[in-house]
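Engineer: Quick one: sequence and predicted model below, then my questions.
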Amino acid sequence: MTDFGAIDALLASARQEAVLPPAEERRALREGLNLSRPQLAQVLGVSPSTVAGWESGRDPSGEVREKYAYFLEGAKAKLAAEAATAVGDVGDVGDAEDEEPTGGLPADAEPTATQDDDVDVLAVPQPCVLCGQPARHQVAGFSQHLDPAECAAPGTPQPAAPSVSTPAVSAPRDSTPTASAPAVPAPAVPGSDRPGAARSGQGVRIVAAGRRVQPADAEPDLIRRAVTEALAQHAGDVEAASAALIKRAIPDAMALLDHTRKGGRYDIVAHPWLPDILRKQSARGADQIWEARPKWTRPELPPGEHAVTALDVNGAYLSALKTHLPIGQLEHSTGNEHDRRRAGLHLITPPDWEHDACLPNPIGNRDEPGPLWVTEPTLRLLLRLAGPKYGLCDPPQIHESWTSGATEGLLEKFRVALKDARDRAIADDDEVTLEYVKAMYSKFVSTLGESNYNRELYRTDWMHLIRSQAFANLWWKAHRAYDEGLMVVRAMGTDELHVTGDWRAVFAEGRGVTEVKVKDTYTVGTDDAPSRAGTVIHQPSTGRDSQ
């Protein structure tokens, strides 16, 4: 017998999916309320990259679709109400708001890419934190003028006023007027050549702390503190302190990452689901990702004797932390298209490389033909070389991809903190800090995959991407040497480049991350016969990341 009750219940529960506005309207509604993707993602129970996907054209389903549609409908209603209120108040707006300031942005301008989510337009002017006068914008949570010409900071000398009847800056008519208020100039701002409190030593140097600011002195230096404590615990014994710091490098690196991520715009997915291509094929085997590690030697040198210099690239993995990293869980797609707003892993058929006689292949030494899985840095390198500027190869063919919404600045504060500590250690001849910092960034990269030493962040995709970025950086150094007239003899790993010629005219020598230092010098060939670089007996470097 048919269960009519079950059918009735099914019919009662059945309903059509909620209708969603077009993708471009979804983003406009969110940004119209000054809401960030992480804020919306948190209340919907998804990742910010998922919200980014919805705003790029993908549609959610199920219960989360209902929630997202509810938010969009509410956002549309709220913005419509605010627009109606603004139309009613338009008659009260003075001429000062209709004129664009001579410098900076107009009062109703959209925030630029550099301002991004830190700049909000205030519905009601609030006192500027610098001068106290009404301001229509909020920067990092504080009301202030975007244009220095509008800002009247106390305590600065007043320049000669222009001989016109209208003041240089008019206060908005909806602000409280002040009787005979003296006109004062704008304060000094970064990049300004006007003297001010900050330039005279009376100000307080500040740094960003999320949406707020704080005195720079209040920012803890975790690296310096750890080194100081280690030296104190081991009574100044440098070797013992260094050993202790290197032993704790992984947890300390994760603590530093957490510290630099405070107030960050993106929530990192620390333990995402991984596709099979990122899983080891056997207990001691590797996964399917090809990192494009170079191991190239020029097949032949011109006749004669050649003085070769082996250059050591400093802090290769430290520099490679600046790369496009996927923020959320990787999502699968197919097709021969590349979205520069996303990053991840791609199955490609690489192009033929016809320049092996003078430059290494961008995908490294590979014996087997056919498609292979490469990382974002490798794909971007190939696409750039295939472009009109270089034209060195055909574009690679992309078959399928695993990607997520990405940013190049995800680890930037972390990288800068390590770089600054490294620079100070070199300047102070502080080998303890130098070895500690090197261990932090090298072990950070090496333990992002399947490691028992780092359980806080499990991003095998990041490990492959950062390593590949280091290889891509070395390739570009080889190309730069070639482009500047040097002869490239060898490229190995992340940090070893052998060249002939006046390399100091091309690369700066030193220990900084943008500099190189000499690892070895040797002579190849004779004046009588052609020489082959591949036959030279030379002990290669271990490939370790240099200091």
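Structural biologist: Structure received.
Engineer: Give the residue spans of the stretch 151-300 of the chain that score low on pLDDT.
Structural biologist: Across the stretch 151-300 of the chain, residues meeting the criterion (pLDDT under 70) sit at 151-202, 205-219.
Engineer: And the top helix by length along the chain, what's buried?
Structural biologist: In the chain, taking DSSP state H as the definition, the longest helix is helix 62-88. Across helix 62-88, burial judged by 16 or more other C-beta atoms under 10 Å covers Arg65, Lys67, Tyr68, Ala69, Phe71, Leu72, Ala75. Any C-beta I mention is one placed from the backbone N, CA and C, and that applies to glycine too.
Engineer: now do stretch 401-419
Structural biologist: Neighbour counts using 16+ other C-beta under 10 Å place 401-406, 410-411, 413-415, 417-419 of stretch 401-419 among the buried residues.
Engineer: would you turn those residues into CSV with secondary structure, pLDDT and distance to Arg342?
Structural biologist: Below are the buried residues of stretch 401-419 laid out as CSV (DSSP: H, G, I helix; E, B strand; the rest coil; pLDDT from 0 to 100; distance: C-beta to C-beta, whole Å):
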residue, secondary structure, pLDDT, distance to Arg342
Ser401, strand, 97, 8
Trp402, strand, 96, 10
Thr403, strand, 96, 4
Ser404, strand, 94, 6
Gly405, strand, 93, 6
Ala406, strand, 93, 5
Leu410, coil, 91, 13
Leu411, coil, 93, 17
Lys413, helix, 92, 22
Phe414, helix, 94, 22
Arg415, helix, 95, 21
Ala417, helix, 94, 27
Leu418, helix, 95, 26
Lys419, helix, 95, 27
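Engineer: And those residues, which is closest to Val374?
Structural biologist: When the buried residues of stretch 401-419 are compared for distance to Val374 (C-beta to C-beta), Ser401 wins out at 10.3 Å.
Engineer: Nearest residue to the closest one in space, ignoring adjacent ones along the chain?
Structural biologist: Residue nearest to Ser401 in three dimensions, not counting chain neighbours: His346, with 4.6 Å by C-beta to C-beta, 6 or more residues apart in numbering.
Engineer: How about the secondary structure of the one you found?
Structural biologist: His346 carries the three-state label strand when classified by DSSP: H, G, I helix; E, B strand; the rest coil.
Engineer: How many residues are close by it?
Structural biologist: 24 (other C-beta atoms under 10 Å).
Engineer: Ok, Val43 next?
Structural biologist: Residues lying near Val43 (other C-beta under 10 Å) number 10.
Engineer: Tell me the helix or strand right after the host helix or strand of it.
Structural biologist: Using DSSP states H and E, Val43 sits in helix 37-44. The C-terminal neighbour of helix 37-44 among helices and strands, as given by DSSP H and E, is helix 48-54.
Engineer: what's the closest non-adjacent residue to Ala286?
Structural biologist: Lys280 (6.3 Å).
Engineer: ranges for the helices of the stretch 351-500 of the chain?
Structural biologist: 376-386, 412-427, 431-446, 460-483 (DSSP state H, counting those that start in this stretch).
Engineer: tell me the mean pLDDT over the longest one?
Structural biologist: So the one you mean is helix 460-483. The average pLDDT for helix 460-483 rounds to 96.
Engineer: who touches stretch 458-465?
Structural biologist: Residues outside stretch 458-465 that contact it (C-beta atoms under 8 Å, 6 or more residues apart in numbering): 270-272, 274, 278, 287, 289, 291, 323-326, 330, 343-345, 375-377, 402, 445-446, 448-450.
Engineer: and it, C-alpha only, in PDB?
Structural biologist: In PDB, the C-alpha atoms belonging to stretch 458-465 read as follows (Å, rounded to 0.1, in the frame of the first residue of the first chain):
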ATOM      1  CA  TYR A 458      49.500  20.500   7.100                       C
ATOM      2  CA  ARG A 459      49.700  22.000   3.600                       C
ATOM      3  CA  THR A 460      51.700  19.700   1.300                       C
ATOM      4  CA  ASP A 461      50.600  21.900  -1.600                       C
ATOM      5  CA  TRP A 462      52.300  24.900   0.000                       C
ATOM      6  CA  MET A 463      55.500  22.900   0.500                       C
ATOM      7  CA  HIS A 464      55.600  22.100  -3.300                       C
ATOM      8  CA  LEU A 465      54.700  25.600  -4.300                       C
END
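Engineer: My assumption is that Trp296 lies in a strand; please confirm.
Structural biologist: Yes - counting by three-state DSSP, Trp296 is located in a strand.
Engineer: what pairs with it across the strands?
Structural biologist: Ala491 (DSSP bridges).
Engineer: re earlier: quick one, which of the helices of the stretch 351-500 of the chain gets closest to Gly236.
Structural biologist: Using C-beta to C-beta, these put helix 431-446 closest to Gly236, at 10.2 Å.
Engineer: Pull the distance from that closest one to the chain's centre.
Structural biologist: From the chain centre to the centre of helix 431-446 is a distance of 20 Å (C-alpha atoms, centre = their mean, to the nearest Å).
Engineer: again, but for stretch 36-52
Structural biologist: That offset, for stretch 36-52, works out to 19 Å (C-alpha atoms, centre = their mean).
Engineer: Tell me the buried residues in it?
Structural biologist: Buried residues in stretch 36-52 (16+ other C-beta under 10 Å): 36-38, 40-41, 44, 46-52.
Engineer: Can you give me the distance of Lys78 to Leu29?
Structural biologist: Distance, Lys78 to Leu29, by C-beta to C-beta, to the nearest Å: 9 Å.
Engineer: If you could redo that for His479, that was the one I meant.
Structural biologist: 45 Å.
Engineer: And for Ser36?
Structural biologist: In terms of C-beta to C-beta, Ser36 sits 13 Å off from Leu29.
Engineer: circling back to that earlier point, list the contacts of the residue nearest to Ala286.
Structural biologist: Counted by C-beta under 8 Å, 6+ apart, Lys280 has contacts Ala286, Asp287, Glu450.
Engineer: May I ask which of these has the most neighbours?
Structural biologist: Most neighbours among the contacts of Lys280, by other C-beta under 10 Å: Asp287, with 20 neighbours.
Engineer: May I ask you to confirm that that residue is in contact with Thr375?
Structural biologist: No - contact criterion C-beta atoms under 8 Å: Asp287 and Thr375 do not qualify, at 11.7 Å.
Engineer: quick one on the thing from earlier: among the contacts of stretch 458-465, which are located in strands?
Structural biologist: Ile289, Leu325, Pro326, Ala343, Gly344, Leu345, Thr375, Trp402 (DSSP state E).
Engineer: Which residue is the nearest non-sequential neighbour of the second one?
Structural biologist: If you skip the residues right next to it in sequence, Leu325 has Leu410 as its closest partner in space, 4.7 Å away by C-beta to C-beta, 6+ apart.
Engineer: same question, the third one
Structural biologist: Nearest in space to Pro326, with sequence neighbours left out and distances taken as C-beta to C-beta, 6+ apart, is Ser404 at 3.5 Å.
Engineer: pretty sure that neighbour contacts Arg341?
Structural biologist: No - with contacts counted by C-beta under 8 Å, Ser404 stays clear of Arg341, the gap being 10.2 Å.
Engineer: ok, Ser333 to Ala41 distance?
Structural biologist: 20 Å.
Engineer: One more: Tyr453?
Structural biologist: Counting by C-beta to C-beta, the gap from Tyr453 to Ala41 is 30 Å.
Engineer: Ok, Ala478 next?
Structural biologist: 41 Å.
Engineer: Check Gly57 too.
Structural biologist: On the measure of C-beta to C-beta, Gly57 and Ala41 end up 17 Å apart.
Engineer: Send me stretch 27-44 as CSV with only the CA atoms.
Structural biologist: This file holds the C-alpha atoms of stretch 27-44, laid out as CSV (Å, rounded to 0.1, in the frame of the first residue of the first chain):
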residue,chain,number,x,y,z
ARG,A,27,30.3,41.0,-4.6
ALA,A,28,28.8,44.5,-5.0
LEU,A,29,26.3,43.8,-2.3
ARG,A,30,28.9,42.5,0.1
GLU,A,31,31.3,45.4,-0.6
GLY,A,32,28.5,47.9,-0.4
LEU,A,33,28.1,47.0,3.3
ASN,A,34,31.9,47.2,3.8
LEU,A,35,32.0,43.5,4.7
SER,A,36,35.1,41.4,4.0
ARG,A,37,35.0,37.8,2.6
PRO,A,38,36.3,36.3,5.9
GLN,A,39,33.5,38.0,7.8
LEU,A,40,30.8,36.6,5.6
ALA,A,41,32.5,33.2,5.4
GLN,A,42,32.6,32.9,9.2
VAL,A,43,28.8,33.4,9.6
LEU,A,44,28.1,31.0,6.7
